[in-house]
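Trainee: I'll drop the sequence and a predicted model, then ask my questions.
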Amino acid sequence: METMKKARTSARSAGRRTGGRASEASGPDVLSLLHEDHEKVKGLFAQALEDKTSSASRTKLATQIVEELTLHAKLEETLFYPELRSASKRDTEERENVLEAYEEHAAMKDAIKRLQRGKASPEEHKAKIQVLCDLVEHHVQEEEGELFPEARSLLGENELRTIGAKVAEAKTKAQSGSRRSSSSRRKISADGATSSRRKK
Ligand SMILES: [Fe+2]
């Protein structure tokens with residue numbers, strides 16, 4: 001707890017130190033962290049869309065893809081895009097690109113809802129994954145090809161590292177939270193199995 005408090009304080013003070021002058025932030029910059037997420041999700045899509053993948057494995061992979069994308073989008077929307085948006089001037093290509101990125105996330109979330117909604121045959125399920133994959137591929141191309149270079153020149157290396165520290169901290173927190181809830185779900189189901197055995 002103390003360590004997390006310290007990490008938060010140091011991320012905040014690193015934020016105050018920035019503004020393109022100081023160069024004290026360390027660790028990976030936000031762009032490399034986001035690139036790692038992109039590569040990971042690309043790999044998951046490739047596995048999910050392989051013909052030889054069974055529909056049971058495809059369903060598991062789709063769940064993992066949705067979890068990865070949901071967290072990735074949340075981190076970008078709360079920690080990265082707002083900084084980029086405020087650093088870019090009105091009516092510039094940079095501002096247009098960041099607004100476009102929000103819209104692409106909205107389209108991605110709709111495709112996720114369609115993927116999760118109701119029953120679909122294995123063929124339909126694969127088609128929904130393919131559509132989500134196409135949207136994500138396009139979004140990644142735009143981000144890495146245009147938005148990331150713009151972020152590098154608008155925010156500068158130090159600010160990118162400061163945001164990177166915030167992203168890494170928020171990601172660890174979210175992932176440990178989701179591990180805790182899935183282990184308590186396992187505990188509940190184990191307890192349920194015990195009590196149903198006792199009833200017999
Ligand atoms: Fe992204």
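Mentor: Structure's in. What do you need? Numbers count the residues shown, from 1 in each chain.

Trainee: For the most centrally placed residue in the chain, which residues are in contact?
Mentor: The residue lying closest to the centre of the chain (Cα atoms, centre = their mean) is His72, at 0.8 Å. Contacts for His72 were tallied using Cβ atoms under 8 Å, 6 or more residues apart in numbering; they are Leu34, Asp37, Val41. For glycine as for every other residue, the C-beta is placed from the backbone atoms N, C-alpha and C.

Trainee: dump the residue contacts of the last one.
Mentor: If you count contacts by Cβ under 8 Å, 6+ apart, Val41 has them with Ile65, Glu68, Leu69, His72, Val136.

Trainee: Okay, and the residue nearest to the centre of the chain sits in which element?
Mentor: Taking DSSP states H and E as the definition, His72 sits inside helix 55-75.

Trainee: tell me the mean pLDDT over the helix or strand following that helix?
Mentor: Downstream of helix 55-75, the next assigned helix or strand under DSSP H and E is helix 81-87. On average, the pLDDT along helix 81-87 is 96.

Trainee: got it, and stretch 175-194?
Mentor: When pLDDT is averaged over stretch 175-194, the result is 60.

Trainee: residues touching Thr75, list them.
Mentor: No Thr there; residue 75 is Leu. With contacts defined as Cβ under 8 Å, 6+ apart, Leu75 is in contact with Val167, Ala170, Lys171.

Trainee: Most neighbours among those residues, which one is it?
Mentor: The residue in these with the most neighbours, by other Cβ atoms under 10 Å, is Val167 (24 neighbours).

Trainee: Contacts only, for that residue.
Mentor: So Val167 contacts Val30, Leu33, Leu34, Leu75, Leu79, Phe80 (Cβ under 8 Å, 6+ apart).
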